[in-house]
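Need the 3D shape of this:
(one chain, ligands or ions: 1)
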Amino acid sequence: MGITIRLSTMRRLGIITVANSAVVTPTLLSSTTAFAGTLALPSFLRNHRLTNSVRFLESRNLASFSFSCFSSSSRIPALDELSSTKGYVARDDNQKVVLKGMSYAALQEWVESHGFRPGQAMMLWKRLYKDNVWANDVDELEGLNKDFKRMISEHAEFGALSLKDVRSASDGTRKILFTLDDGLVIETVVIPCDRGRTTVCVSSQVGCAMNCQFCYTGRMGLKRNLTAAEIVEQAVYARRLLSHEFGSITNVVFMGMGEPFHNIDNVIKAANIMVDENGLHFSPRKVTVSTSGLVPQLKRFLRESNCALAVSLNATTDEVRNWIMPINRKYKLSLLLETLREELSSKHKYKVLFEYVMLAGVNDSMDDARRLVELVQGIPCKINLIQFNPHSGSQFIQTEEDKMIKFRNILAGGGCTVLMRFSRGNDQMAACGQLGMLGTVQAPVMRVPEQFRTALKASV
Ligand code: SF4
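This next block holds a predicted model:
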């Protein structure tokens, strides 16, 4: 039976009320949740299948949210159940493990726990990730002994994703749709580049809670985090499906659906699997994790991972950023940039990539360009100017190309390293900020500050 639960996080009052007479105090929610959302639900809520997203309401601290829960016998695992003291996770009732969610150490431990040698774990690992095998079935494990294969088929699953569709854009970009075990759908994009580089853009969540106003995925709200297996397998599938056509897939960007740092445990785990030199062996410099600016997780990432970092900046004042990226109400521009300045001072030859989606009349003035030069002073960085990708219902319009170039010139004149990125995969809704599918419940549109209303009217 469906029940609708509305949580109104009343931090000022110190209480959270739940409609069907349960009362949850903030202490029941994890104090480590940097951003109020779905991460740390009390256990009785975890046992319900979450549907149709967290909807963030406009509030000063973004702490209010509402969602629907439906009683379900097929429960999804709570996030804290997705880690194991054994290092590997059994997912279904038969306690089968999902191979692609395991680090090599966990895989080896699991193999040995079934009475096989560590060397056999390495043979399995290589067949999962290396040598153009990318095994997705026990029948593809050539060269492994029969008993080992029998054990694997009895106790393990290979994949966490089912291929649903592959759509080709006119510029060669591919959008791959996967169905998850619970029926939800995620999207992965493969972008070939004529300089011999092919990038796979992976999703880290189904939907996203951050509600960036220029992003289609943000309008979905958050449905759930992806497991490490579901993230890793997107990269494996991309190689399996498209390497013969595009050659080696060389780069990974965590810029698909979701805010990766809102799912940081699984993202760090997946990135570690992707860079393992006996496996997929992406260079850490070529695995880039992007964030909208979750400061505590950003610090953790810089300390725990050697992969590259991108920060989606998109504004030069708090006023604009509060509006187009509501996370800024929690972590202000000054805090975000000061944290980067401090953290990167101790890192050797490491540059953060600032992404800046250009929105006509909103963040693309020459004053913005000059402010941006000032804001990034002292931070080893590159700046990527990104052409806005329109989608149905969006209120923004693209900055003209010649204006982007003038903006770029001011940054370059100020000593910044600047790149420009134009739309890829637009005709298949595969471009940056266009992924996902909207349900009936959508994240709210934030109030437009008075002085930008004219600029947006031009887009209507
Ligand atoms: S831009 Fe990224 S963080 Fe922002 S809503 Fe879209 S997916 Fe989420």
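
use CA for all of it now, contacts and neighbours both
Fine.

Can you mark which positions in the helix or strand containing residue 407 are buried?
Element membership of residue 407 [criterion: DSSP states H and E] is helix 401-413. Within helix 401-413, the residues that count as buried by 16 or more other CA atoms under 10 Å are 404, 407, 408, 409, 410, 411, 412.

repeat for stretch 184-201
Neighbour-count burial for stretch 184-201 flags 185, 186, 187, 188, 189, 190, 191, 192, 198, 199, 200, 201 (criterion: 16+ other CA under 10 Å).

Quick one: neighbours of the residue nearest to the third one when sequence neighbours are not counted, just the number.
By the measure of CA to CA, 6 or more residues apart in numbering, the closest residue to residue 187 outside its immediate chain neighbours is residue 177, 4.7 Å from it. Using other CA atoms under 10 Å, residue 177 has 20 other residues around it.

Against which helices or strands is the helix holding residue 407 packed?
Packed against helix 401-413 by the contact rule (3 or more CA pairs under 8 Å, 6 or more residues apart in numbering; DSSP states H and E) you find helix 366-375, strand 417-421.

Confidence-wise, which of these is weakest overall?
In terms of mean pLDDT, the lowest-scoring of the helices and strands packed on helix 401-413 is strand 417-421 (a mean of 92).

helices or strands next to that one in the packing?
Using 3+ CA pairs under 8 Å, 6+ apart: strand 417-421 touches strand 381-387, helix 401-413.

Tell me where this protein has helices.
Assigned by DSSP state H, the chain shows helices spanning 43-46, 104-113, 118-129, 146-155, 216-220, 228-246, 264-275, 295-304, 318-324, 333-345, 366-375, 401-413, 453-457.

possible to save the ones you listed as a markdown table with distance to the ligand?
Formatted as a markdown table, these follow (distance: least, CA to the nearest ligand atom, whole Å):
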| stretch | distance to the ligand |
| --- | --- |
| helix 43-46 | 22 |
| helix 104-113 | 29 |
| helix 118-129 | 27 |
| helix 146-155 | 35 |
| helix 216-220 | 3 |
| helix 228-246 | 15 |
| helix 264-275 | 13 |
| helix 295-304 | 13 |
| helix 318-324 | 9 |
| helix 333-345 | 15 |
| helix 366-375 | 19 |
| helix 401-413 | 20 |
| helix 453-457 | 19 |
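
Looking at the ones you listed, which is nearest to residue 393?
For the helices of the chain, distance to residue 393 was read as CA to CA. The smallest value, 8.8 Å, belongs to helix 216-220.

chain center to that closest one, what's the gap?
13 Å (CA atoms, centre = their mean, to the nearest Å).

try stretch 291-303
Remark: stretch 291-303 is offset 13 Å from the chain centroid, using CA atoms, centre = their mean.

Would you convert the helices and strands packed on strand 417-421 into a markdown table that also reports mean pLDDT and distance to residue 263?
Output for these, formatted as a markdown table (pLDDT from 0 to 100; distance: least, CA to CA, whole Å):
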| stretch | mean pLDDT | distance to residue 263 |
| --- | --- | --- |
| strand 381-387 | 96 | 24 |
| helix 401-413 | 97 | 33 |
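
Next, format these as CSV and append distance to residue 142.
Output for these, formatted as CSV (distance: least, CA to CA, whole Å):
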stretch, distance to residue 142
strand 381-387, 44
helix 401-413, 52
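
any low-confidence regions in the protein?
1-94, 423-436, 438-441, 457-460 (pLDDT under 70).

give me that answer again for 80
1-95, 131, 194-196, 391-393, 422-444, 454-460 (pLDDT under 80).

What parts of it come near the ligand?
Taking CA under 6 Å from any ligand atom as the contact definition, the chain meets the ligand at 208, 210, 211, 212, 215, 217, 218, 257, 258, 259, 292, 433.

how does it look with 5 Å?
With CA under 5 Å from any ligand atom as the criterion, the chain comes near the ligand at residues 208, 210, 211, 212, 215, 218, 257, 258, 259.

What are the contacting residues of stretch 341-359?
The contact list for stretch 341-359, computed with CA atoms under 8 Å, 6 or more residues apart in numbering, reads 299, 302, 308-315, 364, 378-388, 396-399, 404.

ok, now stretch 146-158?
With contacts defined as CA under 8 Å, 6+ apart, stretch 146-158 is touched by 94-100, 114, 116, 135-138, 141.

Repeat that for stretch 268-278.
With contact meaning CA under 8 Å, 6+ apart, stretch 268-278 is reached by 101-104, 125-126, 130, 228-229, 231-232, 279-284, 287, 301, 305, 307.

Domain ranges for the protein, per the record?
The chain breaks down by automatic domain parsing into domains covering 2-70, 83-157, 162-457.

Pick the most buried one from these.
Most buried of those by mean neighbour count (mean count of other CA atoms under 10 Å) is domain 162-457; its value is a mean of 19.

circling back: redo the buried residues of stretch 184-201 as CSV? Include distance to residue 330.
Shown next, in CSV, are the buried residues of stretch 184-201 (distance: CA to CA, whole Å):
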residue, distance to residue 330
185, 30
186, 28
187, 28
188, 29
189, 30
190, 33
191, 33
192, 36
198, 35
199, 32
200, 31
201, 27
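
which of these lies closest to residue 236?
Of the buried residues of stretch 184-201, the one sitting nearest to residue 236 (CA to CA) turns out to be residue 200, at 9.8 Å.

Find the nearest non-adjacent residue to the closest one, please.
Nearest residue to residue 200, sequence neighbours excluded (CA to CA, 6+ apart): residue 190, at 4.4 Å.

Tell me the span between the first and last residue of stretch 271-288.
9 Å (CA to CA, to the nearest Å).

Show the contacting residues for the residue nearest to residue 187.
With contact set as CA under 8 Å, 6+ apart, residue 177 has these partners: 163, 164, 165, 166, 185, 186, 187, 188.

one more time with 6 Å, if that's ok
The contact partners of residue 177, by CA atoms under 6 Å, 6 or more residues apart in numbering, come to 164, 165, 186, 187.

Look up the residues forming beta bridges with it.
Applying DSSP bridges to residue 177 gives these bridge partners: residue 165, residue 187.

ok, back up a step: take the helices of the chain and lay them out in JSON lines including distance to residue 356.
As requested, the helices of the chain are arranged in JSON lines below (distance: least, CA to CA, whole Å):
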{"stretch": "helix 43-46", "distance to residue 356": "36"}
{"stretch": "helix 104-113", "distance to residue 356": "36"}
{"stretch": "helix 118-129", "distance to residue 356": "34"}
{"stretch": "helix 146-155", "distance to residue 356": "46"}
{"stretch": "helix 216-220", "distance to residue 356": "16"}
{"stretch": "helix 228-246", "distance to residue 356": "25"}
{"stretch": "helix 264-275", "distance to residue 356": "23"}
{"stretch": "helix 295-304", "distance to residue 356": "18"}
{"stretch": "helix 318-324", "distance to residue 356": "11"}
{"stretch": "helix 333-345", "distance to residue 356": "14"}
{"stretch": "helix 366-375", "distance to residue 356": "10"}
{"stretch": "helix 401-413", "distance to residue 356": "11"}
{"stretch": "helix 453-457", "distance to residue 356": "18"}
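
With that, I have no additional questions.
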